[in-house]
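In: quick check, what structure comes out for this input:
(one chain, ligands or ions: 1)
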Amino acid sequence: MDQTGRGCTELSSEAVYDVLRSLEDVNILIHRSPDGDCVGGGYAVYYILKALGIRSRVCCADPIPAMFDEITQEVTFEDFEPKMRISVDVADTKLFGNLPEDDLNAEIVLCIDHHISNTHYAKQLFWDPNSSAACEVLFWMMQDNAIPITREIARCLYVGIATDTGCFQFSNAGADTFAAVSAIKRAYPDLPYARLNRELFILKSEGRIRLDTRLMQNIRLSDDGKVALIYLPDSWMTELKVSADEVDGVANLPMQIIGVEIGITCKQQPDGSFRVSMRGGEHADVSAVCRQFGGGGHVKASGCSFHTGDPETVCRQLMEAAEASLKA
Ligand SMILES: [Mn+2]
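Out: I've put the predicted structure just below:
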C-alpha cells in the first residue's frame, strides 16, 4: 500500500529488527502533545538501540509532561548529529508539530505504529493496526526476536499500553494486550504498577479539577442525548492556571454521561484555531466523522483541526456531523 506516492515497505517482525540493527545516530521522533504511548515507545526504542551500541535520542515538539518522569528521569541523551530518523506512534507527519531541531523534510527510515490512519509517510513501516498501543507492537516484536525486555523497557511498555487502553478499560485492550502485560508483570512483579496508575489516571492539579467542573457545567447535549460536546476556550486555561499538557484526557469527559455515543471535545488553541478530539461508544465510528473535517485516527478515538471559523459555527458543525453519523 502506498498512500503518499513515496513508496513504503511494510516490514515483518524479523525484518524490523534487521533495520533497527542497521541504524546509526538516530533521532527518534514522537508526536506533539506527547502521551504515555509515544513517550514509552520512544524510550523503549532508545533502550533497544542502546543495547545494540547505537546512539539515539527521543525528540518531541512539546515538553514531556512530568507524569512521565518515571520513564525519562534516568536518561541523559548524548550529543550527536543525527544521521537517521525514525518515528514511534506517529500516524501522520503533521503530528510531529514544530520540531525546530530536526529537519522534517529528511527521510524517515522507519515508522513503528498502530494507527489504522497511518499515512505510510516513512520509507518502511512496522505496524499492527489491531494493536492497542505502539508499545504493544514493540512488546511482540521483542518477543518474536528474543530481544531481552529489561526492567527499564518493561516500565516504558507498561506505561504505553496502560495509557492507550485507558488503564485497560477501552475495547482496544485485546487478549494479546493482556498477555503482554501479564508477561511484563510476571517478569517484573515489583514495578510500581499501582503508583503509576494513580499518577497516570487519577491525580490532577487543582486547576484541572476546577476546569473539569466548569466544562461539565457547560456541556452541550444533542436532543436525543447521544452526542455530547465540550468547548474549551483558551482563556480558561490561563484563568485556571492549567498547562496544555494537563488537559490530556479531557476528551474522555463527555463519554462519562450515560447514553452518550459520541463525545466531542473542541479546544481553542492560543493561535485561535481549534483542536478537536472525538471518542465513540459501541455503535460509533468517530474516525469517519473526523475524516469529513480532514482528520482521522481510530474508530473509537479520533481527532481533527479547524484553522478558521468562530467557536459557535465549529461546534455546531461538529454536533451535526456526529449526530448524522449515528443515524446513517
Ligand atoms: Mn499510541
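In: output stretch 221-233 as PDB, nothing but the C-alphas.
Out: Taking Å, rounded to 0.1, in the frame of the first residue of the first chain, the C-alpha atoms of stretch 221-233 are listed here in PDB:
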ATOM      1  CA  LEU A 221     -26.100  17.500  24.600                       C
ATOM      2  CA  SER A 222     -28.000  16.600  21.400                       C
ATOM      3  CA  ASP A 223     -31.800  16.300  21.700                       C
ATOM      4  CA  ASP A 224     -31.500  12.500  21.800                       C
ATOM      5  CA  GLY A 225     -28.700  12.700  24.300                       C
ATOM      6  CA  LYS A 226     -26.400  10.600  22.100                       C
ATOM      7  CA  VAL A 227     -23.800  13.400  21.300                       C
ATOM      8  CA  ALA A 228     -22.100  15.500  23.900                       C
ATOM      9  CA  LEU A 229     -19.700  18.300  23.300                       C
ATOM     10  CA  ILE A 230     -17.500  20.400  25.500                       C
ATOM     11  CA  TYR A 231     -15.900  23.600  24.300                       C
ATOM     12  CA  LEU A 232     -12.700  24.800  26.000                       C
ATOM     13  CA  PRO A 233     -11.800  28.400  25.400                       C
END
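In: from now on call the first residue 876
Out: All right, first residue 876 from here; so that's stretch 1096-1108.
In: which residues touch it?
Out: Residues from elsewhere that reach stretch 1096-1108 (C-beta atoms under 8 Å, 6 or more residues apart in numbering): 1086, 1090-1091, 1093-1095, 1122, 1125, 1128-1130, 1132, 1134-1143, 1186, 1190, 1193-1194, 1197-1198, 1201. Every C-beta, even on glycine, is put in place using the N, C-alpha and C of the backbone.
In: narrow these to those in strands?
Out: Counting by DSSP state E, the contacts of stretch 1096-1108 place 1095, 1137, 1138, 1139, 1140, 1141, 1142, 1143 in strands.
In: quick check on those residues: which are buried?
Out: Burial by neighbour count, judged by 16 or more other C-beta atoms under 10 Å, picks out 1137, 1138, 1139, 1140, 1141, 1142, 1143 from those.
In: on the strand side of things, show who the last one bridges to.
Out: Yep, that's residue 1143 we're talking about. Taking DSSP bridges as the rule, residue 1143 bridges to residue 1149.
In: from the ion, how far out is it?
Out: 25 Å (C-beta to the ion, to the nearest Å).
In: ok, the fifth one next?
Out: Between residue 1141 and the ion the distance, using C-beta to the ion, works out to 22 Å.
In: what sits against residue 1149?
Out: 1141, 1142, 1143, 1180, 1181, 1184, 1186, 1189.
In: the first one against residue 1189, yeah?
Out: Just to be clear, that refers to residue 1141. Yes: counting by C-beta atoms under 8 Å, residue 1189 is a contact partner of residue 1141 at 6.2 Å.
In: who touches both of the two?
Out: With C-beta under 8 Å, 6+ apart, residue 1141 and residue 1189 have common neighbours 1149, 1151.
In: residue 964 touches residue 1009, doesn't it?
Out: Yes: the pair residue 964 / residue 1009 is scored as a contact, 3.8 Å apart, by C-beta under 8 Å.
In: more crowded one of those two?
Out: Set residue 964 next to residue 1009 and count neighbours by other C-beta atoms under 10 Å: residue 1009 wins out with 32 against 29.
In: tell me the contacts of the more buried one?
Out: 912, 913, 916, 963, 964, 987, 988, 989, 1035, 1039.
In: could you do residue 1020 as well?
Out: Counting by C-beta under 8 Å, 6+ apart, residue 1020 has contacts 888, 889, 892.
In: quick check: the gap between the residue nearest the centre of the chain and the ion.
Out: Centrality entry for the chain: nearest residue to the mean C-alpha point is residue 910, 5.2 Å, by C-alpha atoms, centre = their mean. Using C-beta to the ion, residue 910 is found at 7 Å from the ion.
In: on that earlier part again, between all of the ones in strands among the contacts of stretch 1096-1108, which two are separated the most?
Out: Greatest spatial distance among those (C-beta to C-beta): 1137 and 1143, at 20.1 Å.
In: any residues of the stretch 876-1025 of the chain in contact with the ion? List them.
Out: The stretch 876-1025 of the chain comes close to the ion at residues 912, 964, 1008, 1009, as judged by C-beta under 5 Å from the ion.
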